[in-house]
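*Asks:* Turn this into a structure:
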Amino acid sequence: MKPFLRKVQYYETDMMGVAHHANYIHWMEEARINFMDQLGFPYSRMEAEGVFSPVKALTCEYKQPCTFGDEISISVSIESFNGVVMVIVYDMRNRQGDVICAGRSEHVFLNRDGRFVRLKREMPEFCLAIDNRLKEQAKANGTEH
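*Replies:* The predicted model follows:
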């Protein structure tokens, strides 16, 4: 998958010229949307099929500041998926390749009534795409079994 590229905008910086910490979470969401598009399952498609994916938990570890005009590359990978909860990891780097932020988000899948959706039954093609992505990641990391 291609990393998501994002240029820091002036309005995203504080009085010291540094990107405000809250923006990193927005960038994680933008990267996740891009990742789902590349996977072939845009959120708009899932929502049209009555499946919603709220955030259950989120962490963000700031390593280095970034400033107006910096181009940030955000790589998204799946840490785990059990059909009910999906854990996504974000690796944000500047143009020099330095890690500026490491993030992680957990997502559940709910129907329109707010009840948990068992994706293996409701959207088996999505589960297959996730499983294939996990295998690709393991192969790329040399951890396949």
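*Asks:* residue ranges with poor pLDDT in this structure?
*Replies:* Scanning the chain for pLDDT under 70 picks out the ranges 144-145.
*Asks:* Can you name the residues that contact the residue nearest in space to the middle of it?
*Replies:* Residue closest to the mean C-alpha point of the chain, counted by Cα atoms, centre = their mean, is residue 32 at 3.2 Å. Counting by Cβ atoms under 8 Å, 6 or more residues apart in numbering, residue 32 makes contact with 76, 88, 90, 105. The C-beta positions use only the backbone N, C-alpha and C, and glycine is treated the same way.
*Asks:* Look up which residues are beta-bridged to the last one.
*Replies:* According to DSSP bridges, residue 58, residue 88 are recorded as the beta-bridge partners of residue 105.
*Asks:* is it true that it touches residue 58?
*Replies:* Yes: using Cβ atoms under 8 Å, residue 105 is in contact with residue 58, at 4.8 Å.
*Asks:* so what sits against both of those two?
*Replies:* Taking Cβ under 8 Å, 6+ apart as the contact rule, residue 105 and residue 58 both touch residue 28.
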